[in-house]
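**Student:** 3D, please:
(chains A and B)
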Amino acid sequence: RKEVEQDPGPFNVPEGATVAFNCTYSNSASQSFFWYRQDCRKEPKLLMSVYSSGNEDGRFTAQLNRASQYISLLIRDSKLSDSATYLCVVIGDSWGKLQFGAGTQVVVTP
Amino acid sequence: EPEVTQTPSHQVTQMGQEVILRCVPISNHLYFYWYRQILGQKVEFLVSFYNNEISEKSEIFDDQFSVERPDGSNFTLKIRSTKLEDSAMYFCASSDKPDLQETQYFGPGTRLLVL
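**Tutor:** Model prediction:
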């Protein structure tokens, strides 16, 4: 079983719509969770951390479900600039070792 | 805003040759990392480095790989004898502290092509 799994997509989203997708992780001892964004052929960039109680950053909302071992990302009022691959990232039991999912591609269309 | 830089942006080499990928982490950061991403695949952890020694390395990071901080600013990844399957994007990252909410800042990457 992969350590971090994501639906690869693509999720085709009309501009202004809402899109949500999940990521599952296999290590129940995982301690920290993040969403990174990666544009084509570019480096990953931190979008937001995911806290146990869920958290929001502007149009982005992240949730963590420890019991079912998944995290989610919801994007409201999608913009064309939101088109990217969203990487689910988990820190397991090793400090500093980020474990990446393969990413979920989001394509926002006019 | 401070950023991680990497050179070269692209490197083409022949199989069996040595390559050195260079990174300049953010100046006050103490923890350094290398990751790689084979085209179309996920980002994979290679190695973490702190206080002039390796903290952790993955199975990918075999004897052909080494890292070094030769001076106060550079952090290098050396591949001694490249293989075709080493072709990938190599990202350097740095952070100021590896805690639960650590933010790792990634460089723009070096695209390595082994022929």
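**Student:** what does chain A have sitting close to chain B?
**Tutor:** Where chain A comes near chain B, counting by C-beta under 8 Å from any C-beta of the partner chain, the residues are A:4, A:31-32, A:38, A:41-46, A:49, A:87, A:91, A:94-103. Using the backbone N, CA and C atoms, a C-beta is placed for each residue, glycine as well.
**Student:** just those: which are in strands?
**Tutor:** Secondary structure from DSSP state E places A:Val4, A:Ser32, A:Gln38, A:Lys45, A:Leu46, A:Ser49, A:Leu87, A:Ile91, A:Leu98, A:Gln99, A:Phe100 of these in strands.
**Student:** one step back: buried members of the residues of chain A next to chain B into PyMOL, please.
**Tutor:** Command for PyMOL that selects the buried part of the residues of chain A next to chain B, burial taken from 16 or more other C-beta atoms under 10 Å in any protein chain shown:
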select buried, chain A and resi 4+32+38+43+44+46+49+87+91+95+96+97+98+99+100+101+102+103
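**Student:** secondary structure element holding the closest residue in space to A:Leu80 that isn't next to it in sequence?
**Tutor:** Leaving aside its sequence neighbours, A:Leu80 sits nearest to A:Val108 (C-beta to C-beta, 6 or more residues apart in numbering or on different chains; 5.2 Å). For A:Val108, the host element (DSSP states H and E) is strand A:104-109.
**Student:** so which elements touch that strand?
**Tutor:** Here strand A:104-109 touches strand A:11-14, strand A:19-25, strand A:84-91, going by 3 or more C-beta pairs under 8 Å, 6 or more residues apart in numbering or on different chains; DSSP states H and E.
**Student:** sheet partners, orientation included, of the last one?
**Tutor:** Sheet neighbours of strand A:84-91, with direction, are listed as strand A:32-38 (antiparallel), strand A:98-100 (antiparallel), strand A:104-109 (antiparallel) (DSSP bridges).
**Student:** contact partners of it?
**Tutor:** For strand A:84-91, the external contacting residues (C-beta atoms under 8 Å, 6 or more residues apart in numbering or on different chains) are A:3-4, A:6, A:21, A:23, A:25, A:27, A:30-40, A:44, A:47, A:71, A:73, A:97-101, A:103-106, B:42-43, B:100, B:102.
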